[in-house]
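Requesting a structural model of the entry that follows:
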Amino acid sequence: MNSAGSMAVWGLSDTEERVYRHFLRNPGTSAEDLHLLLHTPGGEVRAALERLTGLGLLRRAGGHDTLTAADPEVAVGLLTDRRLHELHHELRQVTRPRQLVAELRADMGAHTPAGGGVERMTDLAQIRDRIDDLAFFARHEILSVEPHTALTPENIAHARPLDSRCLRRGVRIRSVLPKEALDDPATAAYLRELSAQGARIRLCSGPAERILVYDRHTALVPADPADTSRGALLAQEPGLVASILALFDKIWDRATDLTALTGDRTPDTEALTPVEREVLKSMCRVAKDEIGARELGVSLRTYRRHIADLLRILNAGNRAHAALLARERGWI
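Okay, the predicted model is just below:
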């Protein structure tokens, strides 16, 4: 069998795929003696029939052993939705690390330093590793103020995969940099790249201290703003984090949006056709594509094609991510 067409990516075994394809070629036939036709043990074929029926890929028609395969578009849609649900569940599990982190730190003898949830770090490599960990496990939002007017190629190369991964997962990113950052071509290009992926970038006048806040409960600031070589403070004390958030909000409110300075066009619903706007609303409201297509009076194929176009326009990894990005942009 040609591996390029394999349905294993959706979780079907080789036997299950062969059984499904058999009934595509022979609709309405009996499952009797199917194991002989496929040269496969009877128990394995019976298990495949049961699972395919449960998934909705095979449907009983007429006699008990008479089966018909679901239309390929419907079958692939069912398998895709199921796999996306599984991946979403797995993603939620791997982005809940806090209890595990606490347990692992307890094993290595780590403890929360005195000072009410404030940890001081002086080693640059340790600070970078902690920043990478916080970004990797962020679930909702990352806020930052960057005082440097230019990012080195190494910094951009290091940040790009982390930033892109966060944005694909639906993590909101809001960043403020000095206006002078636009004078550096590499930095300006990277800021445009992030903005195109859904990050919100603003630029401010005058000096600014570095601020990083993850999910509004963990903040990282320099231990001494005048001398960053003295390390950083990692805070989870609610009162202190709230003060840092208030400072960020003041800086953000006084900053200017990147698109206003560069003249780049901000994506809006004018980029969508009237049908795409209706499909976007429907996608966020109904659970099944069949229902959305029926409500809008279009074919299922057309409805799903519009959804694929919307994912591309929004640069979203999946429908949930697309809905989140659309809401952030005020499209729905």
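
Which residue ranges of this protein form strands?
According to DSSP state E, the chain carries its strands in the segments 29-30, 58-60, 66-69, 118-121, 141-145, 172-178, 200-204, 211-214, 218-222, 232-235, 256-257.

Please identify the most buried of these.
Here the criterion is mean neighbour count by mean count of other Cβ atoms under 10 Å, and of the strands of the chain the winner is strand 211-214, at a mean of 22. Every residue, glycine included, has its C-beta placed from N, CA and C.

That strand pairs with which strands, and in what direction?
Strand pairing for strand 211-214, determined by DSSP bridges: strand 141-145 (antiparallel), strand 218-222 (antiparallel).

now that strand, how far from the centre of its chain.
Here the centre of strand 211-214 is set off from its chain's centre by 20 Å, with Cα atoms, centre = their mean, to the nearest Å.

what's the burial count for the nearest residue to T218 once chain neighbours are set aside?
Distances taken as Cβ to Cβ, 6 or more residues apart in numbering place Q236 nearest to T218, at 5.3 Å, with adjacent residues excluded. Residues near Q236, counting by other Cβ atoms under 10 Å, number 15.

just the one 3 residues further on next, same as before
The local packing of G239 (other Cβ under 10 Å) involves 10 other residues.

ok, now which ones touch it?
Going by Cβ atoms under 8 Å, 6 or more residues apart in numbering, G239 touches no other residue.

before we move on, what about T256?
179, 202-204.

go with 7 Å
202-203 (Cβ atoms under 7 Å, 6 or more residues apart in numbering).

how near is it to F248?
16 Å (Cβ to Cβ, to the nearest Å).

do the same with T68
Distance of T68 to F248, given as Cβ to Cβ: 59 Å.

one step back: isn't the residue nearest to T218 up against G117?
Yes - using Cβ atoms under 7 Å, Q236 is in contact with G117, at 4.3 Å.

Tell me if I'm right that E141 and R216 touch.
Yes - the pair E141 / R216 is scored as a contact, 6.3 Å apart, by Cβ under 7 Å.

Count the residues that sit near D71.
12.

Quick check: it vs L167, distance?
35 Å.

what sits up against the helix ranked longest in the chain?
Taking DSSP state H as the criterion, the chain has its longest helix at helix 72-94. Residues outside helix 72-94 that contact it (Cβ under 7 Å, 6+ apart): 10-11, 55-57, 169, 289, 300-301, 318, 320.

what about burial for the residues you listed, which qualify?
Neighbour-count burial (16 or more other Cβ atoms under 10 Å) is assigned, among those, to 10, 55, 57, 169, 289, 300, 318.

among those, which two are most distant?
L57 and R169 (29.8 Å; Cβ to Cβ).

Could you pull up phi and psi at Q236?
phi -130, psi 10 (degrees, to the nearest 10).

For it, report the pLDDT, please.
pLDDT, Q236: 88.

Could you check how far S195 is from G170?
From S195 to G170 the distance is 16 Å (Cβ to Cβ).

ditto for W331
Distance from W331 to G170, by Cβ to Cβ: 15 Å.

likewise R230?
From R230 over to G170 the distance is 36 Å, taken as Cβ to Cβ.

which of those two has more neighbours?
Neighbour totals were compared for R230 and G170, and G170 leads with 20 against 12 (other Cβ under 10 Å).

In contact with the more buried one, which residues?
Listed by Cβ under 7 Å, 6+ apart, the contact set of G170 reads 320-321, 324.

what's the closest of those to P225?
Nearest member of the contacts of G170 to P225, counting by Cβ to Cβ, is L324, at 34.0 Å.

For that closest one, which non-adjacent residue is spatially closest?
Spatial nearest neighbour of L324, excluding adjacent residues (Cβ to Cβ, 6+ apart): G170 at 4.6 Å.

Same question for L34.
Per Cβ to Cβ, 6+ apart, closest to L34 is V45, 5.4 Å.

Surely that neighbour is in contact with L37?
No - checked against Cβ under 7 Å, the pair V45 and L37 is beyond contact range at 9.3 Å.

quick one: contacts for the nearest residue to L220 once chain neighbours are set aside?
Excluding its sequence neighbours, the residue lying closest to L220 (Cβ to Cβ, 6+ apart) is L212, at 4.3 Å. Contacts for L212 (Cβ under 7 Å, 6+ apart) come out as 131, 144, 219-220.
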